[in-house]
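*Asks:* Next one to model:
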Amino acid sequence: MRRGFDDARRWTELGTELVRSATAGWGEPEMSAPSGLPGWTRKHLIAHLAANADALGNLVHWAATGERTPMYSSPEQRAADIEAGAQRPAHELTVWLRESAERLAAAMASLDERQWRTEVVTAQGRTVPATEVPWMRAREVCVHAVDLAANVGFSDLPADFLTALADDVVVKRGAKPGTAVALTATDTGETWRLPGDGTPVEVGGSLADVTAYLTGRPHAVATTDGSPAPDLAAWL
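*Replies:* From the prediction side, this is the model:
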């Protein structure tokens, strides 16, 4: 695993700042514009990010107190909360985004070494130590900073984050059936393989494009003969 606890905390701060800077000064027209995610406006995405900070705060509370506090009461409630949040006025969403991030940062800063080792359960049902929470948040803020469609791209994210994200996605995708794919980041020489049926399809592109491809975002990855890379199933 090519990431550490301190790396994840650093990336969380960086991604949070990218989102804050991208959304600074946005009013109703900007907030209501489409995001890079199909069917979601920027309001949906910002509501999701704010709700995610609160949900991860539940896991931090669990680690701090030992009281079992799931991220969300149910997948349906999570979706309903995002939809309700997307109906809020722009200024309310801005406040929620900022304050939820500040609450999460303060809560994480208060945990001691023993509490960080407490096992918690993610929204996907995985049991992990609380030390995974910063990584979970880093993924959200960094990837969704791109999804805001506000002139932030994967190439604006740190290379070590992109490598860690590609590692993470490959592990998750490796458990799903599909076409075997061999990926090469042509600018760094790093390689990954997605297991699947048949001889692996060899594809390549910059590290930023490979990571975008793996996460299902627009990319310039192509096969060695220049044809489009195979479509992948949903990441999460």
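*Asks:* per-residue pLDDT, Thr224?
*Replies:* Turning to Thr224, the model gives it a pLDDT of 88.
*Asks:* If we ignore the residues flanking it in sequence, what's nearest it?
*Replies:* Glu202 (4.9 Å; Cβ to Cβ, 6 or more residues apart in numbering). For glycine as for every other residue, the C-beta is placed from the backbone atoms N, C-alpha and C.
*Asks:* Tell me what the one you found is bridged to.
*Replies:* With DSSP bridges applied, Glu202 shows beta-bridge pairing to Ala182.
*Asks:* gap between it and Thr215?
*Replies:* Taking Cβ to Cβ, to the nearest Å as the measure, Glu202 falls 20 Å from Thr215.
*Asks:* Looking only at neighbour counts, state which of the two leads.
*Replies:* Per other Cβ atoms under 10 Å, whichever of Glu202 and Thr215 has more neighbours is Thr215, with 22 against 14.
*Asks:* Torsion angles phi and psi at the closest residue to that one other than its chain neighbours?
*Replies:* Leaving aside its chain neighbours, Thr215 sits nearest to Trp235 (5.3 Å; criterion: Cβ to Cβ, 6+ apart). Here is the backbone geometry of Trp235 (degrees, to the nearest 10): phi -70, psi -50.
*Asks:* and if you look at Thr215?
*Replies:* Dihedral pair for Thr215: phi -90, psi 10, per degrees, to the nearest 10.
*Asks:* which outside residues touch the helix or strand hosting Val169?
*Replies:* Val169 belongs to helix 159-173 when assigned by DSSP states H and E. When contacts are defined by Cβ atoms under 8 Å, 6 or more residues apart in numbering, helix 159-173 is touched by residues 1-3, 7, 11, 14, 135, 138-139, 142-143, 154, 183, 185, 188, 190, 192-194, 207-208, 210-211, 214-215, 232-233, 235-236.
*Asks:* which residues does the residue nearest to Leu148 when sequence neighbours are not counted contact?
*Replies:* Nearest-residue entry for Leu148: Ala22, 5.2 Å, with adjacent residues in sequence omitted and distances by Cβ to Cβ, 6+ apart. By Cβ under 8 Å, 6+ apart, the contact list for Ala22 reads Ala145, Leu148, Ala150, Asn151, Val152.
*Asks:* rerun that using 10 Å as the cut-off
*Replies:* Glu30, Arg42, His144, Ala145, Val146, Leu148, Ala149, Ala150, Asn151, Val152 (Cβ atoms under 10 Å, 6 or more residues apart in numbering).
*Asks:* separation between the closest residue to Leu194 other than its chain neighbours and Glu202?
*Replies:* Closest residue in space to Leu194, ignoring its immediate chain neighbours: Val181 at 4.3 Å, by Cβ to Cβ, 6+ apart. Separation of Val181 from Glu202 (Cβ to Cβ) stands at 8 Å.
*Asks:* which neighbours do those two share?
*Replies:* Counting by Cβ under 10 Å, 6+ apart, the contacts common to Val181 and Glu202 are Thr223, Ala229.
*Asks:* tally of neighbours for Arg126?
*Replies:* Applying other Cβ under 10 Å, I find that Arg126 has 9 neighbouring residues.
*Asks:* and it, what is it in contact with?
*Replies:* Val120, Glu132.
*Asks:* Find me the pLDDT at it, would you?
*Replies:* We have a pLDDT of 94 for Arg126.
*Asks:* Next: Met1.
*Replies:* 64.
*Asks:* where in the chain is pLDDT low?
*Replies:* Residue ranges of the chain with pLDDT under 70: 1, 175-176.
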